[in-house]
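Participant: Following is a predicted model, sequence given first.
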Amino acid sequence: MAMPPVITYFELSNGLRCVHCLTGAAGEYCGVSVDAGSRDDFPGMDGLAHFVEHTIFKGTTHRRSWHIINRMESCGGELNAYTTKESTVVYSVFPYGNFARAAELISDLVCNSVFPQKEIDREREVVADEISSYLDMPSEAVFDDFEDLIFAGSPLGHNILGNEESLGKFTPEVCRDYLTAYYNNKRMVMFYAGPMPSEKVRRVAERYFASVPVAGAAMPVSGIDVLKRGKPSVRPCFDEIRDLGIHQAHTVMGARIPDMFSPERHAVAMLVNMLGGPGMNSLLNVALREKRGLVYSVDASTSLLTDTGLFTLYFGCDADDVERCRDVVSGILSDLASHPISNVRLDKVKRQYLGQIAVASDNRENAVLSMARSVLYHGAVVSPSERTEIIKSITPDDMLRAASYLAPERLSVLTFR
């Protein structure tokens, strides 16, 4: 966002939380973020959250699919949605002056979807093709299988897309039950970003989103209650190789880390960024690609959930070089976990990290979606100045503790080759 945004919070008459971000940009955003993702799939129905996200666009009590897909596009806007392990987001981006149109449509989707059988059958084939396409990309599939192993026994383990067996269980009734169970005022946040004043946004939001159901007012027809999330147990480390007969080997190394509420999350995130973030000067890129020419791509990232977190490190290389790459990675991680970073180097790391955050915040769409996620899980948005102070306060000891979560002896490994 080019200008510093002004954030306002309010609550509708039905208790739905809302966040308004006043910006000077002509484009507007409106959507809902729902605290329900693939870990909340009904038992034996892996992929249900993602399937519902797909099929809420297929018909409501007021509209057919054709009318839904044209409602925002006809004014130059876009309608989008995505599902993660813990959340689903439905939103639109559109030119100024169309907020009421977007708000009415999105509220219709999340409150009144009917999931026509014909559309369900058609979308089942689309998602089956999506599942197959991932299986054809070992660099993607290795992450899904790694999570299956590290979260074994937990709903966090299965693929967000589900599988062909579970797809066959999705009926209009099951999809409507999912909406009833999770799409309510306590598990949702409505968000808006754009130049419209807060009071006007509040009036429009009240007109359309006051219809969002109150939690507990209705039960799924099937009797399936909302699943209570259980913190996944820590599994023993694993080290597996799966022979797929492919030319390039794909390796994921990773470990459990603190969750999104831990005060340590900031130091861990900055350390992982230094290790394998987008900068060409990341430790892993320099060591594996620039100095040794062993890999084409290497990166590291974190995924922070409400009750756990996951660090993953990926590299793709020739099958004969996997062990050598692993040795290099282990050496770097051992050094980080045993030697405190100097204050001079830490200052450079902070400066680069803060610069990357500033550049990333220029992507308005990502910034708006991040704002909604913050309100959904933290109740408020962290301002740029607050974030800067948090990062500047990180000490060498904080980085050393963060590195202990990534120590080689804590890592699990999965390789496709």
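Facilitator: Sure, I can see it. Numbers count the residues shown, from 1 in each chain.
Participant: what residue ranges in the stretch 151-300 of the chain score low on pLDDT?
Facilitator: Applying pLDDT under 70 to the stretch 151-300 of the chain flags the ranges 219-227.
Participant: one more time with 80
Facilitator: 216-228 (pLDDT under 80).
Participant: Tell me where it has strands.
Facilitator: Along the stretch 151-300 of the chain, the segments classed as strands by DSSP state E, counting those that start in this stretch run 188-194, 239-242, 248-257, 295-304.
Participant: if we look at the second one, which residues are touching it?
Facilitator: By that I understand strand 239-242. When contacts are defined by C-beta atoms under 8 Å, 6 or more residues apart in numbering, strand 239-242 is touched by residues 145, 149, 412-417. (Glycine included, C-beta is placed from N, CA and C.)
Participant: among the strands of the stretch 151-300 of the chain, which is nearest Ala403?
Facilitator: Closest to Ala403 of the strands of the stretch 151-300 of the chain, according to C-beta to C-beta: strand 248-257, at 11.0 Å.
Participant: Pull up the pairing partners for that closest one, direction included.
Facilitator: In the sheet, strand 248-257 lines up against strand 309-318 (antiparallel), strand 412-416 (antiparallel) (DSSP bridges).
Participant: hang on, the earlier thing: I'd like the contacts of strand 239-242 as TSV, with pLDDT and neighbour count appended.
Facilitator: Shown next, in TSV, are these (pLDDT from 0 to 100; neighbours: other C-beta atoms under 10 Å):
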residue	pLDDT	neighbour count
Asp145	95	17
Leu149	96	17
Ser412	98	19
Val413	98	20
Leu414	98	22
Thr415	98	23
Phe416	97	22
Arg417	94	19
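Participant: ok, those residues vs Gly77, which is closest?
Facilitator: Distances from Gly77 to the contacts of strand 239-242, taken by C-beta to C-beta, are shortest for Asp145, at 37.5 Å.
Participant: Would you format the strands paired with strand 248-257 as CSV with distance to Leu333 included?
Facilitator: Output for the strands paired with strand 248-257, formatted as CSV (distance: least, C-beta to C-beta, whole Å):
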stretch, distance to Leu333
strand 309-318, 9
strand 412-416, 12
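Participant: Of these, which is nearest Asn14?
Facilitator: Asn14 lies closest, by C-beta to C-beta, to one member of the strands paired with strand 248-257: strand 309-318, at 32.7 Å.
Participant: Tell me the buried residues in the closest one?
Facilitator: 309-317 (16 or more other C-beta atoms under 10 Å).
Participant: tell me which of the residues you listed is nearest to Lys350?
Facilitator: Closest to Lys350, out of all of the buried residues of strand 309-318 and judged by C-beta to C-beta, is Phe311, at 19.8 Å.
Participant: about what we covered before: go through the strands paired with strand 248-257 and name the closest to Leu167.
Facilitator: strand 412-416 (24.1 Å).
Participant: quick one: Val268 from Cys325, how far?
Facilitator: The gap separating Val268 from Cys325 is 23 Å, by C-beta to C-beta, to the nearest Å.
Participant: ok, now which ones touch the closest residue to Tyr405 other than its chain neighbours?
Facilitator: Counting by C-beta to C-beta, 6 or more residues apart in numbering, Tyr405 lies nearest to Ile257, which is 4.8 Å off, once chain neighbours are set aside. By C-beta under 8 Å, 6+ apart, Ile257 lies in contact with 265, 268, 302, 304, 308-311, 405-406.
Participant: Please name the nearest non-neighbouring residue to the most centrally placed residue in the chain.
Facilitator: The centre of the chain sits closest to Thr84, judged by C-alpha atoms, centre = their mean, with a distance of 4.7 Å. In this structure, Thr84 finds its nearest non-sequential neighbour in Gly37, 5.0 Å apart by C-beta to C-beta, 6+ apart.
Participant: swap in Tyr182?
Facilitator: Excluding its sequence neighbours, the residue lying closest to Tyr182 (C-beta to C-beta, 6+ apart) is Ala36, at 3.7 Å.
Participant: what's around the one you found, how many residues?
Facilitator: Look at Ala36: counted by other C-beta atoms under 10 Å, it has 26 neighbours.
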